[in-house]
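**Student:** coordinates only, sequence not included:
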């Protein structure tokens, strides 16, 4: 009995450490140790940590081969490797999802309380974003620190405003889904998340956050939320066109068509193109050119490229359109596999968000995936480290909950636990301590 108790205490402490490591990796800015030529991301500390944790976490996951999310990850990665073989890709891009999958295993092993982690994320990022807006602290972009004077948008502790907007949208869904009461704290989540999106100056993030707000206001009903968001967006766009006259789409299209060349131009090159001098938003011109180049390259590759893609990573660090990138780099079959992966994620989240964890768990799980899919339209979110880390950490932690006894049961039996510093040492009356849910691995 004594040896069994020592074993359980050691395993409990290990979960505490894994929880701390996962939270640190999620919140800490990305800093390159070794630069990789031609890529925005180099070799980082988190890459080494995840590589070390991968094998022991996989071995500790009982029933790993029956996990539907893990199965779809294997399918997506395998198809990515095939696309690199038949096309001209980079196998490191295909393997990225394997690295992100370590967060799924970490969530499954540690049983993190992602509702609390989501609220801490929103509070932390809002504080950092405010300091960046006031030019008190700088940001890390592509693993390189930029002083406050070089920053014009809030990054938080992420790699860019778009990543900050994407993770904040997901975090707000998790915070709202797990907070059942309609009180001031719920309103505070909405206000803080919207403030982050404004500081990040992310239009996609604002639209997604507005949808989440409408979704919550109408009682987690998808149809009315979509109608309200669409009407609000139409009013904003109409005001932008009529009052500000900034959406000069004809100039954008004409300039994008007149650029020519074999590869898309950079933003600074577009700024010198005749016809764009009076256009405020050059990012749409960049996307128009990238999308045209990407789709034409894919279609010219023949039937094999259409089915299996031209190879993951073929178009470099950014296409600025996740769905288009998956379709062109992985083909129709790869796109269908990725949709299957997201569907498996939704089922896992929906089954984990059951009463008394949250009401309407299936509806909120759908909202979560809609927020992710919306960011995929204009951003390669499926290659975003922190976005995928948050999503898979959530899925892993929820997959653990139905098969674990409560932490309070363990404490009632053994009278206390030994945990690393920074984690509460006692769970009172079956409650939760920060970052770890009421669950223990069976």
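**Tutor:** Structure's in. What do you need? Since we're looking at a predicted model, the values are computed, not measured.

**Student:** where does this structure dip in pLDDT?
**Tutor:** For the chain, applying pLDDT under 70 flags the ranges 1-8, 33-42, 142-143, 149, 240-282, 355-359, 401-442.

**Student:** nearest to the spatial middle of it, which residue is it?
**Tutor:** Central residue of the chain (Cα atoms, centre = their mean): residue 387, 1.6 Å from the mean position.

**Student:** residue 140: which element?
**Tutor:** Secondary structure assignment for residue 140, by DSSP states H and E: strand 139-141.

**Student:** show me what the helix or strand following that strand is packed against.
**Tutor:** The C-terminal neighbour of strand 139-141 among helices and strands, as given by DSSP H and E, is strand 144-146. The contact analysis (3 or more Cβ pairs under 8 Å, 6 or more residues apart in numbering; DSSP states H and E) places strand 144-146 against strand 139-141. Glycine gets a C-beta too; all of them are placed from N, C-alpha and C.

**Student:** for stretch 308-326, the distance to its chain's centre please.
**Tutor:** Distance, stretch centre to chain centre, for stretch 308-326: 17 Å (Cα atoms, centre = their mean, to the nearest Å).

**Student:** how about it: buried residues?
**Tutor:** Using 16 or more other Cβ atoms under 10 Å as the test for burial, stretch 308-326 gives 308-315, 319-326.

**Student:** show me which of these is closest to residue 199.
**Tutor:** Using Cβ to Cβ, residue 320 comes nearest to residue 199 of the buried residues of stretch 308-326, at 21.2 Å.

**Student:** please name the nearest non-neighbouring residue to that closest one.
**Tutor:** Take residue 320 and drop its neighbours on the chain: the residue closest to it by Cβ to Cβ, 6 or more residues apart in numbering is residue 287, 4.8 Å away.

**Student:** so the one you found sits right up against residue 321, yeah?
**Tutor:** Yes: in terms of Cβ atoms under 8 Å, residue 287 counts as a neighbour of residue 321; the distance is 6.7 Å.

**Student:** and which of the buried residues of stretch 308-326 is nearest to residue 123?
**Tutor:** Closest to residue 123 out of the buried residues of stretch 308-326 is residue 322 (27.8 Å), distances taken as Cβ to Cβ.

**Student:** what residues are up against that closest one?
**Tutor:** Residues in contact with residue 322 (Cβ atoms under 8 Å, 6 or more residues apart in numbering) are 375-377, 379-383.

**Student:** chain neighbours aside, what residue packs nearest to it?
**Tutor:** Leaving out its chain neighbours, the residue that sits closest to residue 322 by Cβ to Cβ, 6+ apart is residue 376, at 3.5 Å.

**Student:** the helix or strand hosting that neighbour: what's the following helix or strand?
**Tutor:** If you go by DSSP H and E, residue 376 is part of helix 361-378. Moving toward the C-terminus from helix 361-378, the next helix or strand (DSSP H and E) is helix 385-400.

**Student:** quick check: closest non-adjacent residue to residue 177.
**Tutor:** Leaving out its chain neighbours, the residue that sits closest to residue 177 by Cβ to Cβ, 6+ apart is residue 364, at 3.7 Å.

**Student:** the one you found: neighbour count?
**Tutor:** Neighbours of residue 364 under the rule other Cβ atoms under 10 Å: 22.

**Student:** tell me the strands beside the strand holding residue 140, with direction?
**Tutor:** Applying DSSP bridges, strand 139-141 is found paired with strand 144-146 (antiparallel).

**Student:** in the partner strand, what's buried?
**Tutor:** In strand 144-146, counting by 16+ other Cβ under 10 Å, buried: nothing.

**Student:** contact partners of it?
**Tutor:** Residues from elsewhere that reach strand 144-146, judged by Cβ under 8 Å, 6+ apart: 31-32, 138-140.

**Student:** next one: stretch 340-356
**Tutor:** Under the criterion Cβ under 8 Å, 6+ apart, residues 68-69, 71-73, 75-76, 177-178, 361-362, 364-366, 368-369, 372-373, 391-392, 394-395, 397-399, 401-402 lie in contact with stretch 340-356.

**Student:** quick check: the farthest pair among the buried residues of stretch 308-326?
**Tutor:** Largest separation among the buried residues of stretch 308-326 by Cβ to Cβ: 308 and 320, giving 22.8 Å.

**Student:** please, where are all the helices along the stretch 51-200 of the chain?
**Tutor:** Taking DSSP state H, counting those that start in this stretch as the test, the helices found in the stretch 51-200 of the chain are 68-86, 91-94, 96-110, 114-133, 161-177, 184-200.

**Student:** which helices and strands does the shortest one pack with?
**Tutor:** Taking 3+ Cβ pairs under 8 Å, 6+ apart as contact, the helices and strands that helix 91-94 lies on are helix 68-86.

**Student:** neighbours of the closest residue to residue 75 other than its chain neighbours, how many?
**Tutor:** Nearest residue to residue 75, sequence neighbours excluded (Cβ to Cβ, 6+ apart): residue 337, at 5.1 Å. Residue crowding around residue 337 was assessed by other Cβ under 10 Å; the count is 20.

**Student:** now do the SS call for residue 337.
**Tutor:** Of the three states, residue 337 takes helix under DSSP: H, G, I helix; E, B strand; the rest coil.

**Student:** please report how far it lies from residue 32.
**Tutor:** According to Cβ to Cβ, to the nearest Å, residue 337 and residue 32 sit 31 Å apart.

**Student:** before we move on, what about residue 390?
**Tutor:** Residue 390 is 21 Å from residue 32, where distance means Cβ to Cβ.

**Student:** neighbour count for these two, which is higher?
**Tutor:** Legend: neighbour count by other Cβ under 10 Å for residue 390 and residue 32, higher for residue 390 (26 against 18).

**Student:** the residue nearest to residue 320: which element?
**Tutor:** Using DSSP H and E, residue 287 falls within helix 283-299.
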